[in-house]
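Student: What would the 3D arrangement of this be:
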Amino acid sequence: MTTLIIARHGNTFGKDETPRRVGGKTDLPLVESGRVQARALGQWLKTNALYPEAVYCSQLSRTKETAEIALKEAGYKEPVFPLAIFNEIDYGPDENMPEDAVTARIGAAALKDWDEKAVVPQGWNFDPDQCIEDWKNFAAHIVEDRQDCVMVVTSNGIARFAPHITNDFTHFMKEHTLKISTGAFCVLQFEGNRWIVKDWNKKPTC
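Tutor: Numbers count the residues shown, from 1 in each chain. This next block holds a predicted model:
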């Protein structure tokens, strides 16, 4: 059985800052609350005796930092491998803009469709079919390599397409929301020749 842990990076905005829609072209570090979230993820790994044999992240510092802090907190010394397939999407004209400005440009209905159905709004530079293919290829690779546990730290925009590896995205949508909170994790397991979503959008608890 292969376990795939998918975690969203920690916070990149402080409580007194106005959040912005940061994508693949905006490389922000974690703020202190984000580092706290990363340490909580590490504690959860250690408490639950989950030992990732391989750890991957995007090429953005917020995901690499989250992964490295989590591993250090857990007492693990595995390296973190950045992969471009896990980079956040390019929000086009909405990149690094506050949410009210994004809503004003594309409309509340378009944002609702993105959050609930993963329908890409007009103007965003992103190919969802390629992202789905990347997830399926990655999942097949770790199964073929007979890896027991693998962790990926990425963004909400990318992680929401991971459940396509179950080949039953419609059922997944009936059971879960697409949105993943910062610092939260998801767990998928390969059992009986298929991937099953065990946990989705869970906050680490020890």
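
Student: can you give me the strands for this protein?
Tutor: Taking DSSP state E as the test, the strands found in the chain are 2-8, 20-21, 54-57, 80-82, 97-98, 149-154, 185-191, 194-202.

Student: can I get the ones you listed in a markdown table with mean pLDDT, mean neighbour count and distance to Ser33?
Tutor: Heads up, the C-betas are built off the backbone N, CA and C, glycines and all. As requested, the strands of the chain are arranged in a markdown table below (pLDDT from 0 to 100; neighbours: other CB atoms under 10 Å; distance: least, CB to CB, whole Å):
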| stretch | mean pLDDT | mean neighbour count | distance to Ser33 |
| --- | --- | --- | --- |
| strand 2-8 | 98 | 24 | 14 |
| strand 20-21 | 96 | 19 | 16 |
| strand 54-57 | 98 | 21 | 19 |
| strand 80-82 | 98 | 16 | 21 |
| strand 97-98 | 96 | 14 | 19 |
| strand 149-154 | 98 | 26 | 16 |
| strand 185-191 | 97 | 19 | 17 |
| strand 194-202 | 97 | 16 | 18 |
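
Student: what ranges do the helices span in the protein?
Tutor: 32-47, 61-74, 99-106, 108-117, 128-144, 156-159, 169-175 (DSSP state H).

Student: can I get those helices in a markdown table with mean pLDDT, distance to Thr3 and mean neighbour count?
Tutor: Formatted as a markdown table, those follow (pLDDT from 0 to 100; distance: least, CB to CB, whole Å; neighbours: other CB atoms under 10 Å):
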| stretch | mean pLDDT | distance to Thr3 | mean neighbour count |
| --- | --- | --- | --- |
| helix 32-47 | 98 | 11 | 20 |
| helix 61-74 | 98 | 15 | 23 |
| helix 99-106 | 96 | 34 | 14 |
| helix 108-117 | 95 | 27 | 14 |
| helix 128-144 | 98 | 10 | 16 |
| helix 156-159 | 97 | 16 | 24 |
| helix 169-175 | 94 | 17 | 11 |
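
Student: These: which one's closest to Thr26?
Tutor: Checking these against Thr26 by CB to CB gives helix 61-74 as the closest, at 9.6 Å.
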